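Visitor: Please find the sequence and the predicted model below.
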Amino acid sequence: MKEYQEDNQRQLSIAQSNSEAPGFGSASLKPPPIQRSYGESAHAQEHATTSNQEPVSDVIPHVNNQFYAHGGFMGAGPELMADPKWNRILQVLMPDVHSDVTEAINGEEGSEVVILMFENNPVTAAYGMARSQQIDDDPTNGKTDAVENLKAFEWDAFLPPSHVEAFKNETDPGKKSQHAEKIVDGLLIAHGNTSQTLKENVVGLRQYENVRKTDKSAQGGLEPGAWMDIFGRAMMLGSSADWENLANNMEDEERNHSDTDKTIDQTFKDQMTFKDVVDLYKELYGKEFFSVILDVKSRDASAAVLTAVIQELNKRGVHVYGVGSFISDEIAGLDEVEQIIDGEMADNAKEVMFYHGAGNLQDACLSGQVGVGDTVMFNAGSLIDYVPYYTGEAKKASYAIDAEVISQLDQFKRHYGFELGVYVQENHIDDRAATLITEVTNANPELFSLGFAWGGVSGETAADIEPSLGAAKTGLAGQYYTSRSWNKSKGIETLSPADAKEEIKEASRNEEDYMESVEQAYDAIRKCTDHKALQSDAEVHRILSRMMRGKLLVKAHLLLEFGKEGDFPSYVQLIWSSIYRVGTDEHMLFSTLERLTPSELEVLKSIPGLKDALDSEVSFGDQDRLDELWGE
């Protein structure tokens with residue numbers, strides 16, 4: 001591998017002195033005009049084409065703030081296949097994927113199928129960056145800053161359960177660090193197929209080993225070392241003036257082979273180091289760091305495990321821009337983890353809460369789950385209304401985003417104080433929906449402060465995705481069944497301390513449904529404009545103490561202290577989550593207690609009944625450990 005890197009550096013130097021060099025060789029290491037058909041070069045073509053010259057991409061507005069590349073630029077897969085140079089690069093670097101995708105295209109599968117085959121693909125990630133830079137440099141596009149605005153690549157992540165469990169059970173710091181290394185070594189950058197996702201999330205069956213057996217083109221994936229190696233090689237080939245010879249040499253390199261472990265099959269035995277890949281990325285694109293957003297797919301992850309994953313990736317030169325999940329407990333406190341990369345301080349990771357739709361976010365806000373400063377994202381396809389019984393162009397023409405919904409969403413953002421971004425499923429979105437979402441996010445940069453995490457090349461979307469009678473193509477895909485649209489009748493409700501107290505009194509008189517009365521009291525505290533005034537009211541305490549016992553009463557005290565769940569400090573959220581559900585999560589409990597500062601411990605001690613609740617939840621053998629950490 002070293003000789004290729006040295007040769008590539010020579011080629012970059014040649015390119016800098018010869019702007020006529022082929023490939024991506026130019027004075028500023030920029031991509032060449034892309035060749036957009038399987039046949040002869042077609043620089044003059046407006047859109048990418050397949051071998052029969054049908055359009056591969058449609059023009060949409062440029063995304064002003066792309067934020068991160070959803071699926072690692074998976075939406076650009078059809079364009080990559082239509083580009084002879086990058087088609088060849090894929091064939092050399094990932095022959096198994098190239099064969100599968102070529103077979104799908106020859107079988108007349110459309111972009112809805114092909115795009116999914118490129119999810120988390122490192123060659124597509126390299127292509128997306130090169131294409132974005134080309135668009136930025138094209139004066140006919142006006143000023144675009146796709147490369148500058150792109151903060152990170154998305155890495156879907158399955159963690160090896162055996163090493164996760166070993167990490168959780170280990171108390172020795174040195175051995176925990178070793179387990180963290182093994183977790184990152186074996187981490188799968190993969191989404192998993194629908195069946196695996198359901199089994200992991202609904203049934204609770206760990207799917208890591210099954211994902212390893214899944215073809216990369218079927219939503220399996222790669223370990224970080226192999227992903228970075230292929231990404232680095234793709235950048236190297238894309239930026240070399242002599243890319244064809246380099247490609248031929250790489251094609252002859254020794255590979256790993258396995259009929260059962262598709263993760264390692266066809267990967268290179270001699271891999272580029274993380275440092276070499278990161279350095280090349282920074283040189284080509286002027287980035288300070290190579291950054292990723294981890295979308296956690298494993299349900300056995302915890303905040304402590306993910307903290308160790310972040311720190312281990314930092315050691316390898318990778319900045320974790322954010323960690324996303326649909327489960328808040330997994331990511332609580334990660335925004336407090338300092339990241340130091342090659343001696344330089346980098347921004348802390350964002351805790352990104354994903355929601356299926358705008359209505360799901362709305363309900364989370366109204367139930368107190370969203371707090372000031374939270375980073376939230378939802379599928380923007382849920383914003384689009386349409387006439388369901390239309391088809392084709394008529395259905396697309398009926399697409400609309402309600403201005404009143406956008407106005408209410410803005411009110412929610414201002415009231416709850418969250419930072420908002422949106423995403424879509426690129427394999428299920430037509431040009432009209434992509435245009436509407438791009439336009440509304442571009443037009444409202446303060447509302448959509450994190451922009452649109454478009455997983456394709458800015459300004460382009462697949463041309464052959466069209467709505468049918470049964471399905472609009474607004475970017476929801478399977479999330480159609482789990483997303484909720486915004487409900488304009490659900491507004492922000494607030495209560496004065498006096499009104500909140502009356503609501504609590506009313507709840508205490510509800511003798512028909514005990515848990516309904518408890519939730520009514522909780523809701524009154526959440527809506528109160530001054531929860532500290534309620535907390536100082538002795539009568540409120542007497543009413544709550546008559547209504548509730550044990551953990552139910554502890555939660556009321558937590559709400560009185562902090563206002564709503566979304567405003568619980570991360571350590572409080574983790575402590576509470578460890579005991580509130582059925583079955584105590586002692587790993588979460590003790591790993592959080594061990595990291596407490598003295599002031600944080602004092603806050604916990606001030607919550608009436610919390611220590612008693614913890615005492616009742618931990619096993620007998622861990623009681624002394626709890627008392628010691630509590631300072632007793």
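Guide: Thanks, I have the structure now. Residues are numbered from 1 along each chain as shown.

Visitor: For the strand or helix carrying Asn249, buried residues please.
Guide: Assessed by DSSP states H and E, Asn249 sits inside helix 243-251. Judged by neighbour count using 16 or more other C-beta atoms under 10 Å, the buried positions of helix 243-251 are Trp243, Glu244, Leu246, Ala247, Met250. Placement of C-beta: from N, CA and C, glycine included.

Visitor: for the second one, what are its contacts?
Guide: Pointing back at Glu244 there. Residues in contact with Glu244 (C-beta atoms under 8 Å, 6 or more residues apart in numbering) are Arg88.

Visitor: on that earlier part again, can you name the next helix or strand after the helix holding Asn249?
Guide: By DSSP H and E, the next helix or strand past helix 243-251 is helix 274-285.

Visitor: which helices and strands does that next one pack with?
Guide: Applying 3 or more C-beta pairs under 8 Å, 6 or more residues apart in numbering; DSSP states H and E, we find helix 274-285 packed against helix 122-137, helix 224-239, strand 290-296.

Visitor: now the shortest one and helix 224-239, what's the angle there?
Guide: So that's strand 290-296. Here strand 290-296 runs at an angle of 140 degrees relative to helix 224-239 (axes from the mean of the first three to the mean of the last three C-alpha atoms, to 10 degrees).

Visitor: Let me know the angle separating strand 290-296 from helix 274-285.
Guide: Taking the same axes, to 10 degrees, strand 290-296 and helix 274-285 form an angle of 110 degrees between their directions.

Visitor: So for strand 290-296, mean pLDDT?
Guide: The predicted model assigns strand 290-296 a mean pLDDT of 97.

Visitor: Look at Glu511 and report its pLDDT.
Guide: Turning to Glu511, the model gives it a pLDDT of 86.

Visitor: Can you report how many residues neighbour it?
Guide: Residues within reach of Glu511, counting by other C-beta atoms under 10 Å, total 7.

Visitor: Where does it sit: helix, strand or coil?
Guide: Here Glu511 is recorded as coil under DSSP: H, G, I helix; E, B strand; the rest coil.

Visitor: I'd like to check which residues are in contact with it.
Guide: Glu511 makes contact with Ser517 under the criterion C-beta under 8 Å, 6+ apart.

Visitor: From Ser258, how far out is it?
Guide: As defined by C-beta to C-beta, to the nearest Å, Glu511 lies at a distance of 64 Å from Ser258.

Visitor: Of all the helices and strands packed on helix 274-285, which one comes closest to Gln196?
Guide: Taking C-beta to C-beta as the measure, the helices and strands packed on helix 274-285 were each checked against Gln196, and strand 290-296 came out nearest at 14.3 Å.

Visitor: roughly how far is the next helix or strand after that closest one from the heart of the chain?
Guide: Sequence order places helix 303-315 as the next helix or strand after strand 290-296, per DSSP H and E. Centre-to-centre, helix 303-315 and its host chain are 16 Å apart (C-alpha atoms, centre = their mean, to the nearest Å).

Visitor: give the contact list for the nearest residue to His531 once chain neighbours are set aside.
Guide: Nearest non-adjacent residue to His531, counting by C-beta to C-beta, 6 or more residues apart in numbering: Gly563, 4.5 Å away. Remark: with contacts taken as C-beta under 8 Å, 6+ apart, Gly563 is in contact with Gly368, Ile525, Arg526, Cys528, His531.

Visitor: What strand or helix carries Ala613?
Guide: Taking DSSP H and E as the criterion, the element that holds Ala613 is helix 610-617.

Visitor: tell me the mean pLDDT over that helix?
Guide: If you average the per-residue pLDDT over helix 610-617, you get 93.

Visitor: So which other helices or strands are in contact with that helix?
Guide: The helices and strands touching helix 610-617, judged by 3+ C-beta pairs under 8 Å, 6+ apart, are helix 550-562, helix 570-580, helix 623-630.

Visitor: quick one, which of those is nearest to Leu159?
Guide: Checked against C-beta to C-beta, the stretch from those lying closest is helix 570-580, at 18.3 Å.

Visitor: how about that closest one as PDB, C-alpha atoms only?
Guide: Coordinates of the C-alpha atoms in helix 570-580 are reproduced here as PDB (Å, rounded to 0.1, in the frame of the first residue of the first chain):
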ATOM      1  CA  SER A 570     -27.800  13.800  31.500                       C
ATOM      2  CA  TYR A 571     -26.600  12.100  34.700                       C
ATOM      3  CA  VAL A 572     -30.100  12.500  36.200                       C
ATOM      4  CA  GLN A 573     -31.700  11.000  33.100                       C
ATOM      5  CA  LEU A 574     -29.400   8.000  33.200                       C
ATOM      6  CA  ILE A 575     -29.900   7.400  36.900                       C
ATOM      7  CA  TRP A 576     -33.600   7.600  36.500                       C
ATOM      8  CA  SER A 577     -33.800   5.500  33.400                       C
ATOM      9  CA  SER A 578     -31.700   2.800  35.000                       C
ATOM     10  CA  ILE A 579     -34.400   2.100  37.600                       C
ATOM     11  CA  TYR A 580     -37.700   3.400  36.200                       C
END
